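**Q** Return atomic coordinates for the entry below.
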Amino acid sequence: MPIADPQPEIDRLRIHARWAIGQAAEARALGLDIDVRRQVVLGRDKDCLARHTAAVWSSRAAERSRVTLHHSIGLSLWMASEGLRETMTALEGRAGSLEDSAREAN
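**A** Residues are numbered from 1 along each chain as shown. Okay, here's the model as predicted:
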């Protein structure tokens, strides 16, 4: 009985490994981009707070605006930031899994 040529299987595993490494790099790059955008979102809150002080703007409308900014908008920005952080963590986990898969294929 002839022995099967292992080269096609080796080639298939190498192709899978290259694909997994490429996908891992893309996941990590996306995670880093998300983190940069997350920092921008968090910075927006500080910029708005700096413009909403009593020294800059003083009236009942200003006070209502400050309360809204602190409670509603601040909470929304924090929730968006947390969602981005969770997505970034998931992408990092996926990248690790893909790299493990690539190592197993080699």
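**Q** Which helix or which strand is home to the closest residue to Arg94 other than its chain neighbours?
**A** Closest residue in space to Arg94, ignoring its immediate chain neighbours: Ala27 at 5.0 Å, by C-beta to C-beta, 6 or more residues apart in numbering. Using the backbone N, CA and C atoms, a C-beta is placed for each residue, glycine as well. If you go by DSSP states H and E, Ala27 is part of helix 7-51.
**Q** Which elements pack onto that helix?
**A** Here helix 7-51 touches helix 74-105, going by 3 or more C-beta pairs under 8 Å, 6 or more residues apart in numbering; DSSP states H and E.
**Q** The residue nearest to Arg94 contacts Thr89, correct?
**A** No - shown here, Ala27 and Thr89 do not form a contact pair, counting by C-beta atoms under 8 Å, at 11.3 Å.
**Q** Can you report phi and psi for Asp5?
**A** phi -70, psi 120 (degrees, to the nearest 10).
**Q** Contacts only, for it.
**A** Listed by C-beta atoms under 8 Å, 6 or more residues apart in numbering, the contact set of Asp5 is empty.
**Q** Check what pLDDT it gets.
**A** Predicted confidence (pLDDT) for Asp5: 78.
**Q** Please apply the same query to Thr87.
**A** 90.
**Q** where's it relative to Gly31, distance?
**A** Distance of Thr87 to Gly31, computed by C-beta to C-beta, to the nearest Å: 8 Å.
**Q** Specify which residue of the two has the higher count of neighbours.
**A** Using other C-beta atoms under 10 Å, the more surrounded residue of Thr87 and Gly31 is Gly31, with 20 against 15.
**Q** Tell me which residues touch that one, please.
**A** Counting by C-beta under 8 Å, 6+ apart, Gly31 makes contact with Thr87, Met88, Leu91, Glu92, Ala95.
**Q** Roughly how far does the second one sit from Lys46?
**A** Computed as C-beta to C-beta, the Met88 to Lys46 distance reads 21 Å.
**Q** Which one's more surrounded, these two?
**A** Met88 (20 against 8).
**Q** from memory the more buried one sits against Asp33, does it?
**A** No - using C-beta under 8 Å, Met88 makes no contact with Asp33, being 9.1 Å away.
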